[in-house]
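A.B. asks: Predicted model and sequence below, questions to follow.
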Amino acid sequence: MIAPEDRTPLPREFFDRPVVEVAPDLLGRIVVRTTPDGPIVLRLTEVEAYDGPNDPGSHAYRGRTARNAVMFGPPGHVYVYFTYGMWHCMNLVCGPEGRASGVLLRAGEIVEGAGLVRARRRSARNDRELARGPARLATALDVDRALDGTDACGAGDTPLRMLTGAPAPADRVRSGPRTGVAGDGGDGDVHPWRFWVAGDPTVSPYRPHVPRRSRS
DNA sequence: AGTAAGATCCTCT
DNA sequence: GAGGATCTTACTC
């Protein structure tokens, strides 16, 4: 359960900062997903920063498109994309409007609503795998493109909201190259913009980028 | 614990 | 037409 004092909503100003500053600050924060069947509450343990047009790894690197339009909007909104033909991943838009940067939510611990999540994540062999990985996290929270553009700092009824939670102590936060991003982890332009809580069992395993061979 | 391959389709070139 | 901010299953050690 979450302590009453940790249930304060994160204000929009929280997200209106450089994305590399916001990302580590999100560790330990709370995502509340309100579904018709009840709330699902998750504590963030792993995130990655993507800094808009300056970042070759970002979906916004080549400018605005129909898919990434939300990234160019105001901070505190949710950018959801569809990938590998079957999965969704979710980001929180950061920085000033137009900067097109965001934080990918990569993993977390389900602290409420585990029953609802287990029903949706049948392949998880234990509870720590329920939201261990960005697409697993999106599946656990029942997030798809229908929620693209949702305001996570909105008032009243919202499907998605961010709470202050209990931020991870600075000496527990680690950083390193981003997972599966070309350029990171190699000799080139490395961004150590993956952030996680040291020792937390819900943090996903690191996998470097590998170009996939095309079918013949 | 590690490796490998297949699934599947949207987005942009 | 190529490749992707991934996951699951199967198989090996």
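C.D. replies: Sure, I can see it. Not measured: the values here are computed from a predicted model.
A.B. asks: Please count neighbours and contacts with C-alpha atoms only from this point.
C.D. replies: Noted.
A.B. asks: Which positions in the longest strand anywhere in chain A come out as buried?
C.D. replies: When chain A is parsed with DSSP state E, its longest strand is strand A:38-51. Buried residues in strand A:38-51, defined by neighbour count with 16 or more other Cα atoms under 10 Å: A:39-51.
A.B. asks: Run through the bridge partners of the nearest residue to A:Arg132 once chain neighbours are set aside.
C.D. replies: Distances taken as Cα to Cα, 6 or more residues apart in numbering place A:Ala107 nearest to A:Arg132, at 4.7 Å, with adjacent residues excluded. Under the criterion DSSP bridges, A:Ala107 forms beta bridges with A:Glu46, A:Arg132.
A.B. asks: Spatially nearest residue to the most centrally placed residue in chain A (excluding sequence neighbours)?
C.D. replies: Central residue of chain A (Cα atoms, centre = their mean): A:Leu105, 1.3 Å from the mean position. Leaving aside its chain neighbours, A:Leu105 sits nearest to A:Val47 (4.8 Å; criterion: Cα to Cα, 6+ apart).
A.B. asks: so that neighbour makes contact with A:Thr202?
C.D. replies: No. Under the criterion of Cα atoms under 8 Å, A:Val47 makes no contact with A:Thr202, lying 11.9 Å away.
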